[in-house]
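In: just coords:
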């Protein structure tokens with residue numbers, strides 16, 4: 001009992017190892033499974049119709065990994081037949097999985113010869129692994145002849161399901177055990193062919209490519225057509241920018257790409273492995289062009305013109321109104337920066353109109369202030385406003401001083417105190433009035449008393 005349990009554990013371990021790791025034992029040319037001389041089996045054949053057979057004894061078991069290139073078998077009748085490969089699923093050898101089959105139609109000519117040699121076309125070759133076994137199915141008679149065998153030849157015979165397809169599993173234990181027979185059928189094998197990648201042309205992309213974009217689809221080829229479905233692809237290069245879909249072969253951008261200013265070329269290496277462990281390799285060169293900071297979308301800003309027109313109005317005491325109008329135009333052009341950004345400053349024209357005429361061009365040649373704008377448009381506008389305010393203030397001060405000076409020049413007496421001059425003018429006016437004769441002085445004086453200087457005046461009689 002313990003020995004039986006040990007064998008069960010060993011079988012499970014071998015089965016797990018075979019399905020998990022690549023096969024290391026590749027078939028050589030003319031490796032075979034089945035009896036050495038299948039043409040000499042001519043005792044009899046089963047006349048039962050619609051049965052399938054699986055022969056799982058060591059004689060019919062494959063001991064390598066490869067492909068079936070030829071079938072040889074003895075026949076007792078004509079008709080259609082499926083020549084099959086089965087793979088054991090359980091440790092007891094009762095459940096098997098259909099791996100594939102080749103179809104052949106036995107003719108009357110074949111029947112006369114008593115045997116068939118069927119060379120399988122390259123595109124129809126079945127792939128095999130270690131421990132796979134031979135089977136067949138004929139809608140009519142079983143066709144394959146047999147001879148007496150031993151009890152070690154395990155043979156299951158079961159009614160065939162017409163809906164059976166490749167990949168399906170069948171429990172043969174519900175059928176008949178055809179022990180002690182040796183059937184005349186043999187499979188000749190060929191070495192496994194390693195898979196290979198189709199040529200990969202260089203790819204060129206820009207670093208601003210969208211995440212999720214498929215940049216290339218890797219394709220593989222295998223001379224063993226039955227291997228294609230089980231091929232395993234992988235990208236052996238670790239790269240943060242690209243991911244590889246092992247099912248479809250798509251190379252996909254998985255994150256935002258950043259490369260140096262001069263760009264960068266990335267090499268992506270791939271490997272493909274078939275069911276026998278044979279490998280193929282390939283490489284894809286991806287040239288990535290630099291286009292700027294990938295975290296910001298390049299934009300182009302149209303030229304902007306800001307105009308500042310401050311108007312300063314000053315009123316002097318003599319009701320003289322001076323309007324000083326200063327207009328400053330600053331044109332700032334901003335262009336997108338990738339990778340180098342520049343700001344271009346346009347000419348600044350400061351025009352000042354005043355009454356009286358005090359306008360001055362702001363240019364370094366006449367000694368007035370001139371400002372160059374640089375950096376961002378906000379700094380340029382701020383500097384321009386400050387310059388315009390300073391210029392306007394200077395003009396106001398100059399105009400005010402000039403007006404005050406002109407007014408004082410008009411009313412200033414020459415070298416005299418204004419108050420004394422005013423009093424002198426009044427005295428002169430009084431003296432002129434005394435010297436001028438009044439209308440009454442023209443008449444002869446009367447005898448009446450008169451006054452002079454507030455005193456009674458008596459006319460001299462003598």
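Out: Received it, and whenever you're ready, just let me know what you need. Remember, predicted model here, so these are calculated numbers, not experimental data.
In: how about low-confidence regions in the chain?
Out: Across the chain, the ranges flagged by pLDDT under 70 are 1-24, 42, 150-153, 293-379, 408-462.
In: Now residue 48: which helix or strand?
Out: Residue 48 belongs to no helix or strand when assigned by DSSP states H and E.
In: Distance check, it against residue 206.
Out: Distance, residue 48 to residue 206, using Cβ to Cβ, to the nearest Å: 70 Å. For every residue, glycine as well, the C-beta is placed using N, CA and C.
In: ditto for residue 138
Out: For residue 138, the distance to residue 206 (Cβ to Cβ) stands at 62 Å.
In: For residue 279, which non-adjacent residue is spatially closest?
Out: Once flanking residues are discounted, residue 279 sits nearest to residue 273: 5.1 Å by Cβ to Cβ, 6 or more residues apart in numbering.
In: what do you get for residue 234?
Out: residue 271 (5.5 Å).
In: helices or strands next to whichever strand or helix holds that neighbour in the packing?
Out: Per DSSP H and E, residue 271 falls inside strand 264-273. Other helices and strands packing on strand 264-273, by 3 or more Cβ pairs under 8 Å, 6 or more residues apart in numbering; DSSP states H and E, are strand 196-197, strand 232-235, strand 242-244, strand 279-289.
In: quick one: strands adjacent to the second one?
Out: Strand 232-235 pairs in its sheet with strand 264-273 (antiparallel), by DSSP bridges.
In: now the shortest one
Out: Taking DSSP bridges as the criterion, strand 196-197 pairs within the sheet with strand 220-221 (antiparallel).
In: which residues touch the partner strand?
Out: Strand 220-221 is touched from outside by 195-198, 228, 231, 233, 249, 272, 280, with contacts defined as Cβ atoms under 8 Å, 6 or more residues apart in numbering.
In: Show me just the buried residues among those residues.
Out: Buried subset of these (neighbour count, 16 or more other Cβ atoms under 10 Å): 195-197, 231, 233, 249, 272, 280.
In: Save those residues as JSON lines, and put in distance to residue 61 too.
Out: Shown next, in JSON lines, are these (distance: Cβ to Cβ, whole Å):
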{"residue": "195", "distance to residue 61": "26"}
{"residue": "196", "distance to residue 61": "30"}
{"residue": "197", "distance to residue 61": "34"}
{"residue": "231", "distance to residue 61": "25"}
{"residue": "233", "distance to residue 61": "31"}
{"residue": "249", "distance to residue 61": "35"}
{"residue": "272", "distance to residue 61": "28"}
{"residue": "280", "distance to residue 61": "29"}
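In: From those, pick the one nearest residue 95.
Out: Distance to residue 95 across these (Cβ to Cβ) is lowest for residue 231, with 26.0 Å.
In: so what's that closest one up against?
Out: 195, 220, 222, 272-274.
In: rerun at 10 Å
Out: Neighbour list for residue 231: 195, 220-222, 224, 246, 272-275, 280 [criterion: Cβ atoms under 10 Å, 6 or more residues apart in numbering].
In: Any chance of CSV for these, columns distance to residue 165?
Out: Below are those laid out as CSV (distance: Cβ to Cβ, whole Å):
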residue, distance to residue 165
195, 25
220, 25
221, 25
222, 22
224, 20
246, 25
272, 26
273, 26
274, 22
275, 19
280, 29
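In: coming back round to it: may I have the beta-bridge partners of the residue nearest to residue 279?
Out: Beta-bridge partners recorded for residue 273 (DSSP bridges): residue 232, residue 279.
In: Around it, how many other residues sit close by?
Out: 18 (other Cβ atoms under 10 Å).
In: Is it in contact with residue 195, as I believe?
Out: Yes. Using Cβ atoms under 10 Å, residue 273 is in contact with residue 195, at 7.5 Å.
In: Quick check: neighbours shared by the two?
Out: Common neighbours of residue 273 and residue 195, counting by Cβ under 10 Å, 6+ apart, are 227, 231-233, 279-280.
In: related to what we said a few turns ago, tell me which of residue 138 and residue 206 has more neighbours.
Out: Under the criterion of other Cβ under 10 Å, the comparison of residue 138 against residue 206 puts residue 138 first, with 24 against 15.
In: Which of the buried ones among the contacts of strand 220-221 sits closest to residue 262?
Out: Distances from residue 262 to the buried ones among the contacts of strand 220-221, taken as Cβ to Cβ, are shortest for residue 197 (29.5 Å).
In: Touching, the closest one and residue 249? I think so.
Out: Yes. At 9.3 Å, residue 197 counts as touching residue 249 under the criterion of Cβ under 10 Å.
In: Just the buried positions in the strand holding residue 271, please.
Out: By neighbour count with 16+ other Cβ under 10 Å, strand 264-273 contains the buried residues 264, 266, 268, 270, 272-273.
In: With distance to residue 142 as extra columns, can I get these in a markdown table?
Out: Listed next are the buried residues of strand 264-273 as a markdown table, based on distance: Cβ to Cβ, whole Å:
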| residue | distance to residue 142 |
| --- | --- |
| 264 | 66 |
| 266 | 60 |
| 268 | 54 |
| 270 | 47 |
| 272 | 40 |
| 273 | 38 |
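In: Of these, which is the nearest to residue 255?
Out: For these, the minimum distance to residue 255 (Cβ to Cβ) is 13.1 Å, reached by residue 266.
In: Contact partners for the closest residue to the closest one other than its chain neighbours?
Out: Counting by Cβ to Cβ, 6+ apart, residue 286 is the residue found nearest to residue 266 once chain neighbours are left out, at 4.6 Å. For residue 286, the contact set (Cβ under 10 Å, 6+ apart) comprises 200, 202-205, 215-216, 239, 241-242, 251, 257, 264-268.
In: Can you give me the neighbour number for residue 92?
Out: Neighbourhood size, residue 92 [other Cβ under 10 Å]: 10.
In: Surely it and residue 156 touch.
Out: No. Between residue 92 and residue 156 there is no contact under Cβ under 10 Å: 11.8 Å.
In: Now list whatever residues contact both of those two.
Out: Common contacts of residue 92 and residue 156 (Cβ under 10 Å, 6+ apart): residue 173.
In: What residues of the one helix or strand residue 102 maps to count as buried?
Out: Here residue 102, judged by DSSP H and E, is contained in strand 95-106. Buried residues in strand 95-106, counted by 16+ other Cβ under 10 Å: 96, 98-102, 104, 106.
In: what's the answer for stretch 240-250, then?
Out: Buried residues in stretch 240-250, counting neighbours by 16+ other Cβ under 10 Å, are found at 241-242, 244, 249.
In: can you give me the strands in the stretch 151-300 of the chain?
Out: Taking DSSP state E, counting those that start in this stretch as the test, the strands found in the stretch 151-300 of the chain are 155-159, 169-171, 176-177, 181-183, 185-191, 196-197, 203-206, 214-217, 220-221, 232-235, 242-244, 250-253, 264-273, 279-289.
In: helices and strands around the second one, which ones?
Out: Read it as strand 169-171. Contacts defined by 3 or more Cβ pairs under 10 Å, 6 or more residues apart in numbering; DSSP states H and E place strand 169-171 against strand 79-88, strand 95-106, strand 155-159.
In: hmm, back to that, I'd like to check the angle between the strand holding residue 271 and strand 279-289, please.
Out: 160 degrees (axes from the mean of the first three to the mean of the last three Cα atoms, to 10 degrees).
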